[in-house]
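> mind looking at a prediction? Sequence and model below.
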Amino acid sequence: MKIILLFIPLFFFLLSQTFAQLKAVKPDSGYSYFVRTPEGMNSAEKLPVIVFLHGRSLSGHDLNRVKRYGVLRAIERGKELNAIIIAPQTSNGWDPDKVIEVLDHVMQEYPADKNRVYICGMSMGGYGTMDVAGKYPERFAAAVAICGGGTEIYACNLTQVPLWIQHGSADRAVPASESKKIYNAIKRCDKDADATLTIIPGGTHGSVENLFHGEKIYEFMFKHHKEG
């Protein structure tokens with residue numbers, strides 16, 4: 001009987017570990033973030049990593065706000081992704097160095113494939129995506145920036161990263177000209193750069209969030225990987 005009683009709490013502990021898929025991390029410095037791992041993750045299997053950067057409306061110090069839209073929201077609504085998801089939170093714009101600090105920590109703690117690391121974001125997170133990938137192009141296999149823009153000083157670095165830039169034609173918060181500007185700057189650096197600009201007819205600043213709930217942006221990211 002004693003053996004059975006000892007086994008019961010152990011069983012529930014192991015069960016909780018199996019289904020503990022979303023973890024909040026709040027370090028003393030740098031960005032707080034969620035890290036989400038797929039169910040049944042095998043520590044011997046290297047998994048791709050997706051970094052999601054939110055927009056200005058989710059900024060602050062309440063990490064749960066990060067789940068309101070984007071990759072984590074899509075997962076909550078049934079999207080299945082066999083990948084490690086990192087969703088940091090900023091209170092004042094995106095600092096590429098701090099995003100990389102989060103990425104480095106997760107890469108050390110989880111069975112992550114360094115050759116399949118992707119970054120995506122929306123609105124301010126779209127700008128952040130371009131800036132992080134632009135400052136650290138060697139770290140990312142592909143990037144998707146939605147309804148944002150980018151810093152043109154990173155344009156030539158961005159020619160090293162496969163990019164899909166998307167923007168709604170009816171966006172009143174961030175005009176589509178912002179995405180066109182960084183796309184054109186990239187193409188001026190290298191006309192053969194693997195960069196695609198898609199303007200979504202009638203798309204608004206909010207409606208393009210549905211891209212995270214479909215398949216295409218994930219198919220685009222996952223088809224790329226770094227060599228070696």
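It's in.
> right, and residue 162 touches residue 222 too?
No - with contact defined as CB atoms under 8 Å, residue 162 does not reach residue 222; the gap is 11.4 Å. (Each C-beta comes from the backbone N, C-alpha and C, glycine too.)
> more neighbours, the two?
Higher neighbour count among residue 162 and residue 222: residue 162, with 21 against 17, using other CB atoms under 10 Å.
> need the contact list for the more buried one.
Applying CB atoms under 8 Å, 6 or more residues apart in numbering, we find residue 162 in contact with 141-143, 194-195, 220, 224.
> so which of those is the most crowded?
Comparing these by number of neighbours (other CB under 10 Å), residue 143 comes first, having 28 neighbours.
> in a strand, that's where it is, yeah?
Yes - counting by DSSP: H, G, I helix; E, B strand; the rest coil, residue 143 is found in a strand.
> for it, which non-adjacent residue is spatially closest?
residue 133 (4.4 Å; CB to CB, 6 or more residues apart in numbering).
> what strand or helix carries that neighbour?
Assigned by DSSP states H and E, residue 133 falls within helix 124-135.
> what's that helix packed up against?
strand 47-53, helix 96-109, strand 112-122, strand 142-146, helix 155-158, strand 163-168 (3 or more CB pairs under 8 Å, 6 or more residues apart in numbering; DSSP states H and E).
> picking that back up, now for the contacts of residue 162, which pair is the farthest apart?
Within these, two members stand farthest from each other by CB to CB: 141 and 195, at 14.4 Å.
> now do the buried residues in stretch 76-96.
81, 83-90, 94-96 (16 or more other CB atoms under 10 Å).
> I'm done for today, thanks for sticking with me.
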